[in-house]
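Undergrad: Give me coordinates for this.
(one chain, ligands or ions: 1)
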Amino acid sequence: TVGAVADDFLYNAFVVGGFVRDLLLRKTNMDLDIVVEGDGIAFARTLAKKLGGRVREHERFGTATIILHSGLKIDIATARLEYYEYPAALPTVELSSIKLDLYRRDFTINAMAIQLNPAHFGRLVDFFNSQNDLKQMAIKVLHNLSFVDDPTRIFRAIRFEKRMDFTIARHTERLIRNAVKMNLFGKGDDPRFFTELKLLLNEENATPAIERLADLGLFPFLWPDLRPHLNIDRRLRHCLVQTQRAISWFKLLYAGDQYDPWIIFLLAIMGRSPLSVLATFCDRFHVPPKTRALLLGEKQLADQASRQLATAGPPKNSEIHLAFKELRIEGLLYVMAVARKTEVKKAVSSYITKLRHEKPLLGGDDLKQLGYRPGPIFKTILETLLIARLDQEVKTRDNEIALVS
Ligand code: ATP
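TA: You can find the predicted model right below:
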């Protein structure tokens, strides 16, 4: 369909980037990025009508996203002819604006395209020896100024290297080290730094990627307040291993549950730092206010809970509940990862697997029948009942009724 619509518009259309890379690696990739040599937005509107879906347009960038009824997303971008440096009469004209589009991409392995127009359907467009780099499992930039143009690509290089078990090529690594030495990042106020860092920490196993960040000298840029900030010390490495372990444990038990691993890693990296260090990090990297509040809230509550549980003797179930009830899964797993006492780790495990699911047997309707008028008092009574249940002071409904009567 895409190719047919492109023919109607007399445009060349290509699928590009990660999709092509993953196709050649025989991996599935559900993100379809399409580039058309022409007006991408008009093209997207017509295509959406044909396929049945909504279009979100980004006029300024000449891009659009089609969201199909199935939930699948297709990004459409415009390869602009006006950027075109070659005289239009050259015989390569047909491919040239796609060439420029591909040249602006991050790495050779992400700079291939496959044509979609029916007459050339499936033709692989590879100007930069990308197939060879894919075979060699090498991450290479397209030109020497790549990291100067966009330093966030450093995070991407690491992400792809660790995800696919590739290697950042020697010259590209040298360019990264130079960029880091020259402090090319400036103040880090491009919000994409944070976006890319999140993606890196969300990878299947983030620990090697974090170690690579340290190896390439990025820790002082990311966490200048971390001490010792120049590298990963033994304690931090241990903490990263524990974080990975906590996440794997949770994933095994609750495969379908949604949570954000990057939050756990970020909290763990800053686990020994005061809250102010996390706040400074959020300010420097322009973390959106909601996310900032979430991170700071989790750290504060989690550190407080860890301290509480580590200082007392073996905690009662109700104490565990009170310490953890406001935390999200990310905060809980962070407590589990950084805890030095087994008792605290056990408390998290028991809370996640058992205690957080407990509820009193009585509900709002029962309280009404017992003569209580609905209001804030309900919450207090139910919480009292829950605490009694957690500490096994009540077992049956009658026990609970007796307690509230
Ligand atoms: P993933 O599998 O993680 O989604 P991807 O390669 O699809 O990886 P995206 O972030 O979705 O990555 O980007 C899509 C494409 O856009 C990339 O393949 C790359 O060609 C290009 N791209 C993304 N970010 C940059 C960047 N900072 N500089 C240049 N090109 C980029």
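Undergrad: next helix or strand past the longest helix along the chain?
TA: Ordering each helix of the chain by length in residues (DSSP state H) puts helix 289-311 first. Using DSSP states H and E, the helix or strand that follows helix 289-311 in sequence is helix 317-324.
Undergrad: which strands and helices sit next to that next one?
TA: When contacts are defined as 3 or more CB pairs under 8 Å, 6 or more residues apart in numbering; DSSP states H and E, helix 317-324 packs onto helix 289-311, helix 342-353, helix 376-390. C-beta: built from backbone N, CA, C; applies to glycine.
Undergrad: got the residue ranges for the strands in this protein?
TA: Here the chain has its strands, by DSSP state E, at 13-16, 32-36, 53-58, 63-68, 73-78, 113-115, 124-125, 138-139, 167-168.
Undergrad: in its sheet, what does the third one sit against?
TA: Just to be clear, that refers to strand 53-58. Sheet pairing of strand 53-58 (DSSP bridges) gives strand 63-68 (antiparallel).
Undergrad: right, is the strand it pairs with up against the ligand?
TA: No: using CB under 6 Å from any ligand atom, strand 63-68 never reaches the ligand; the gap is at least 11.1 Å.
Undergrad: quick one: that strand to strand 73-78, angle?
TA: Computed by axes from the mean of the first three to the mean of the last three CA atoms, to 10 degrees, the angle separating strand 63-68 from strand 73-78 equals 150 degrees.
Undergrad: CA atoms only: put strand 63-68 into PDB for me.
TA: The C-alpha trace of strand 63-68 is given here as PDB (Å, rounded to 0.1, in the frame of the first residue of the first chain):
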ATOM      1  CA  THR A  63       7.000  14.700   9.700                       C
ATOM      2  CA  ALA A  64       3.900  12.800  10.600                       C
ATOM      3  CA  THR A  65       3.000   9.700  12.600                       C
ATOM      4  CA  ILE A  66       0.200   7.400  11.600                       C
ATOM      5  CA  ILE A  67      -1.400   5.400  14.400                       C
ATOM      6  CA  LEU A  68      -3.200   2.500  12.900                       C
END
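Undergrad: and that strand, which residues are buried?
TA: 63, 64, 65, 66 (16 or more other CB atoms under 10 Å).
Undergrad: shouldn't the last one be in contact with residue 48?
TA: Yes: using CB atoms under 8 Å, residue 66 is in contact with residue 48, at 4.7 Å.
Undergrad: what do the two both touch?
TA: Both residue 66 and residue 48 are in contact with 54, 55, where contact means CB atoms under 8 Å, 6 or more residues apart in numbering.
Undergrad: ok, and the closest non-adjacent residue to residue 282?
TA: Spatial nearest neighbour of residue 282, excluding adjacent residues (CB to CB, 6 or more residues apart in numbering): residue 292 at 4.3 Å.
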